[in-house]
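> from the sequence below, what's the structure:
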Amino acid sequence: QVQLVESGGGLVQPGGSLRLSCAASGSIYRINDMGWYRQAPGKQRDLVAAITSSGSTNYADSVKGRFTISRDNAKNTVYLQMNSLQPEDTAVYYCNFNVQRTISSTYYIPYWGQGTQVTVSS
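Sure, this is the predicted structure:
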């Protein structure tokens with residue numbers, strides 16, 4: 001089994017910063033893409049940022065220039081540095097990993113973290 005554990009959420013004032021972390025453990029041979037999604041109340045879950053195994057990144061237009069995604073392959077961990085936070089960034093943030101479980105596996109399985117609340121408010 002594979003588990004993803006998130007940390008770093010909380011309450012921050014507009015203009016502030018937070019850093020989210022998501023670490024995977026369990027039966028893992030390789031992790032392909034890693035990503036962060038968010039879901040506000042009454043809305044669908046949307047992609048915030050993603051990073052490939054080679055380090056290429058992709059961001060939602062609403063966070064470009066403010067958020068930075070990075071990964072530490074040795075620790076099976078992905079990070080999301082969030083700067084200049086605004087009230088519209090308030091949501092539950094979820095990490096997502098595409099995992100190759102064994103060396104003989106020919107496919108990747110998506111796993112999700114439990115979610116961490118980010119609230120931006122004065």
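
> please count neighbours and contacts with C-alpha atoms only from this point.
OK.

> wait, isn't residue 58 in contact with residue 49?
Yes - the pair residue 58 / residue 49 is scored as a contact, 5.5 Å apart, by CA atoms under 8 Å.

> tell me which of these two has more neighbours.
residue 49 (23 against 16; other CA atoms under 10 Å).

> list the contacts of that one.
Applying CA atoms under 8 Å, 6 or more residues apart in numbering, we find residue 49 in contact with 35, 36, 37, 57, 58, 59, 60, 68, 69.

> burial count for the second one?
When neighbours are defined as other CA under 10 Å, residue 36 has 26 of them.

> beta-bridge partners for the residue lying closest to residue 71 once chain neighbours are set aside, please?
Spatial nearest neighbour of residue 71, excluding adjacent residues (CA to CA, 6 or more residues apart in numbering): residue 78 at 4.2 Å. Per DSSP bridges, the residues bridged to residue 78 are residue 22, residue 71.

> so residue 78 touches residue 19, yeah?
No - contact criterion CA under 8 Å: residue 78 and residue 19 do not qualify, at 10.5 Å.

> higher neighbour count, the two?
Between residue 78 and residue 19, counted using other CA under 10 Å, residue 78 has the larger neighbour count: 24 against 16.

> now do the same contact list for the more buried one.
21, 22, 23, 34, 35, 69, 70, 71, 72.

> mind listing the strands for this protein?
Counting by DSSP state E, the chain has strands at residues 2-7, 10-12, 18-26, 30-39, 46-51, 57-59, 67-72, 77-82, 91-100, 109-112, 116-120.
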